[in-house]
Every structure is written in structure tokens, then in C-alpha cells.
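Asks: next come a sequence and a model predicted from it.
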Amino acid sequence: MFSRIAGAVLRAAFVVLLVATPSMLLPGTHSDTTQIVALVALIAAVFTFVEYNSDYPSLVEFRDAPPFNRIRFIALFLSVFFITLIARGKFEQTTLTLFISAVGHRLSEMIDFPYSPVRLMVLMLPQDADVELIQSLRTAAGISYLVSIVSLASFVLALRMNQWPSRTSGFNVWTNMPTFDPTAGGDIVERLQRDGQVNIIFGFLLPFVLPAFVKLASDFIDPISLAEPHTLIWTVSAWAFLPASLLMRGIAMGRVAQLIEDKRRRTLSDDSLQLA
């Protein structure tokens, strides 16, 4: 019980750190922004603590199947942290900010080719956008996209090495997939495979669709607001994190479907041996 409470408190503290990182590192953060960040951090911390301290799940998926959520959290934190350092470099240049900016700039040049997600992010800005804003968005998109790719590769590697889900403990579908109803009808394996494929498709298309949507909705959404550092940090981080998260979820659902199918085969095989 105490270990579960301690784990929930630690996770809540990490969530607070994630939300507060831009405000802590960026100089000149407005007091209103600080208050909003504090409120969001408090709400996120309470939700995380209640979720991980409860025996009954509500929304968080795969909470008892590490390192799924750990990889996702680390990816989002690194994306926010790196982009924050790049934004901080505009006010206060240090060796670390210069290094991260140089790496991001180099990555953006490599990934920024025609019809690439990074190029589409840049093209969603108005034609009269400031050159510095364009470069900042390109650099942030490049390094954030790299973090999302590395996180996805890390999860696939863990899965291929038979470390997910853990073979030492059972996988509870109800606890780890609270939004999935196994009794809704139809074969559970087919539903998991179908839902997994849908998540993979959306995860692949989302980096291309979101910039195009913003461009089409430019009459209602002002892309120039990305000049504000906090908006740039969270927008680009979400743009790279959400597709990677959907891809990981799709792969995870396919893996769960495979586990259920393998268990069915073993059960049928044991029943056949007993009958024989």
C-alpha cells in the first residue's frame, strides 16, 4: 500500500515538473501565465495521484504494463525540455542552449524536405511571417520529431526483446485498457487488431493532417501566435507526441491481441492433449 502511494506521489511530482518546466526555465514569464501553469499542474498532479493510487482504472491505459507510459512521458518531457532550452537561448545563451539549438537546426535541415511533416509545419505559417519565427518553428519541429521517432523505436525494441508486457506477471485487460470494453460484441482479438490498425493509420497521418488543418482554418486560428514561446513549446510538442503516442498504442493493442490469441492456442492444445 505504501509503495503504491509513494509511486503515485512520485508520478504526480514528475507531472508537475513537466507542466512547470517552460515557466521555470524561460525568463520573463508573465504572472498570469504562471498562475495558469500552477493550476494546470495541480489538476494534472491530482489526477495522476488518484489514477495510480486507485485499484480501479479510469482513463490512463497500460498503467500496469511498463515501460509504455514511461517511454511516452520521457518523450514528452524531453521534447518540452529541449524546445524550452532553444527558446531560452534567445534570451540567455549558454553552452547547453547553443548545443541544443545547433542540433535542432541541423536536424531540421535534414528532415525539412518537400511534403515532410516539418515542411508542412513551416508552411502553415503565413507568408509574411518573420524569418526568425520560421527558423524557430523549424528547429523546434525537427528536434521534437526526432524525440518522437526515438521513443517509438525504443518501445518497439522493448517489445521485440520480449520485455513488454512482462512475462513474469499476467496482463489484465480491464486494468490496463479501461476504455476498451471486451464484452461490447465481436471477437476481442479481431477488435483489438482493428483498433490497433486504426490507431497506427491515424498516428501516421496526424503529423501531415494537423498543419494542413491549421492552414485551412487560418481565418479562425492565428498561426502567428506561435511567436509566443509557451505556445510554440506546447504546440510543437503535442504535434510530435500525439502521433507517436497513437502509433505506440496501435502497436500495443496488436501485441495484446497476439497474446490473447497465443493463450487461446495453448488452451486448445492442452484440451486436445487431455482428451487424447
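Replies: Yep, that arrived. Numbers count the residues shown, from 1 in each chain.
Asks: please parse the protein into its domains.
Replies: For the chain, automatic domain parsing gives the domain ranges 1-55, 67-275.
Asks: ok, of the ones you listed, where does mean pLDDT dip lowest?
Replies: When the domains of the chain are ranked by mean pLDDT, domain 67-275 comes last with a mean of 85.
Asks: how distant is that domain from the center of its chain?
Replies: 5 Å (C-alpha atoms, centre = their mean, to the nearest Å).
Asks: would you map the helices across the stretch 101-250 of the chain?
Replies: For the stretch 101-250 of the chain, the helices defined by DSSP state H, counting those that start in this stretch cover 117-123, 131-160, 173-176, 188-216, 229-275.
Asks: only the buried residues of the shortest one, if you could.
Replies: Of the residues in helix 173-176, those buried by neighbour count under the rule 16 or more other C-beta atoms under 10 Å are Val173, Asn176. No exception for glycine: its C-beta is placed from N, CA and C like everyone else's.
Asks: kindly export it (C-alpha atoms) in CSV.
Replies: Only the C-alpha atoms of helix 173-176 are listed here, as CSV (Å, rounded to 0.1, in the frame of the first residue of the first chain):
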residue,chain,number,x,y,z
VAL,A,173,-7.1,-6.1,-20.0
TRP,A,174,-9.6,-4.3,-17.7
THR,A,175,-6.9,-2.6,-15.6
ASN,A,176,-4.6,-1.7,-18.5
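Asks: returning to what we had before: nearest to Thr29, out of the helices of the stretch 101-250 of the chain?
Replies: Among those, the nearest to Thr29 by C-beta to C-beta is helix 229-275 (7.8 Å).
Asks: so which other helices or strands are in contact with that closest one?
Replies: Judged by 3 or more C-beta pairs under 8 Å, 6 or more residues apart in numbering; DSSP states H and E, the packing partners of helix 229-275 are helix 2-25, helix 68-88, helix 131-160, helix 188-216.
Asks: and the ones you listed, which is most packed in?
Replies: When you average the neighbours per residue for each of these (mean count of other C-beta atoms under 10 Å), helix 68-88 leads with a mean of 21.
Asks: what angle separates it from helix 131-160?
Replies: 160 degrees (axes from the mean of the first three to the mean of the last three C-alpha atoms, to 10 degrees).
Asks: mind listing what the residue nearest to Ala244 when sequence neighbours are not counted touches?
Replies: Excluding its sequence neighbours, the residue lying closest to Ala244 (C-beta to C-beta, 6 or more residues apart in numbering) is Ser148, at 3.8 Å. Each residue near Ser148 by C-beta atoms under 8 Å, 6 or more residues apart in numbering is listed here: Ala75, Ser79, Ala240, Phe241, Pro243, Ala244.
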